[in-house]
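Peer 1: give me a 3D structure for the following:
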Amino acid sequence: MKFIIVGLGNFGSSLGQKLTAHGHEVIGIDSSMSKVELYKEKISHTICLDSTDQFAMGGLPLNDADVVIVAIGENQGANIMTTALLKNLNVKRLISRAITPLHETVLRAMGVDEIIHPEEETAERLSKKLLLRGIVDSFDINPEYSIVEVKVPARYAGKTLEEIGFRRNHNLVVLTTLKITREKNLLGQIHQVNKVQGVASPKTRLNEGDIMVMYGHTSDIKRLLAES
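Peer 2: Here you go, the predicted structure:
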């Protein structure tokens, strides 16, 4: 996959290095030449430019990028301006960093659905979400076991957990399910909300568009996602 990360602070640089280490092509962008120089041997490509400059950003291979991440944290104004610019350029998938609740509200008002909070989300967790198809979120119990949020595979829609037999067939446990709804925020903009459906039971029925919260060995989770 191809990624563009705007902002090479602690979070952006860590994410860029992890994605590069997994064999993916990453373009890291920052307005500081010292940061660009610092990570040029650790991230696939690093470029020094002003991300709020539409002409400069237009010269990047945005159409080729699978994901563009705005990781700017120190300057909320630059973060918002860069996000707006990228939104107007219609990148395939845009993820932006929010610093405060108000900042998040502004980003959602701009139509940004994927918002990250690095204070809560590590680069390791985000890299897993980006690289494992179907993963919505994850929490590592230890290096081998994880709790993950996974989109319900189409082949399981309409079936109960008892019928699917996750424990029996995949050695995985579904803890609960989340139903995706859309609600208005403070500015009247529609945004996505995940509502917990309670502790899962054998009779819990999975619906298309729902999210399963699942526990198990990382290898078993990867195997399930590969089959989806």
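Peer 1: what mean pLDDT does the longest strand seen in the chain have?
Peer 2: Determined from DSSP state E, the single longest strand within the chain is strand 173-184. Across strand 173-184, the average pLDDT comes to 79.
Peer 1: quickly run through the sheet partners of it, with directions.
Peer 2: Strand pairing for strand 173-184, determined by DSSP bridges: strand 190-199 (antiparallel), strand 211-217 (antiparallel).
Peer 1: just those strands: most buried one?
Peer 2: Compared across the strands paired with strand 173-184, strand 211-217 shows the largest average neighbour count, a mean of 20 (mean count of other C-beta atoms under 10 Å). For every residue, glycine as well, the C-beta is placed using N, CA and C.
Peer 1: so which elements touch the helix or strand following that one?
Peer 2: For strand 211-217, the following helix or strand on the C-terminal side (DSSP states H and E) is helix 218-227. Here helix 218-227 touches strand 145-151, helix 166-170, going by 3 or more C-beta pairs under 8 Å, 6 or more residues apart in numbering; DSSP states H and E.
Peer 1: let me have these in CSV, extended by distance to Ile47, mean neighbour count and mean pLDDT.
Peer 2: What follows is the helices and strands packed on helix 218-227, written out as CSV (distance: least, C-beta to C-beta, whole Å; neighbours: other C-beta atoms under 10 Å; pLDDT from 0 to 100):
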stretch, distance to Ile47, mean neighbour count, mean pLDDT
strand 145-151, 33, 19, 81
helix 166-170, 43, 13, 90
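Peer 1: wasn't Leu107 part of a helix?
Peer 2: Yes. Using DSSP: H, G, I helix; E, B strand; the rest coil, the assignment for Leu107 is a helix.
Peer 1: show me where pLDDT drops low in this protein?
Peer 2: When residues are selected by pLDDT under 70, those of the chain lie in 119-125, 127-143, 183-194, 228.
Peer 1: what about Val26, which SS state?
Peer 2: The assignment at Val26 comes out as strand when based on three-state DSSP.
Peer 1: what residue, apart from its backbone neighbours, is nearest Ser201 spatially?
Peer 2: Nearest residue to Ser201, sequence neighbours excluded (C-beta to C-beta, 6 or more residues apart in numbering): Leu161, at 7.3 Å.
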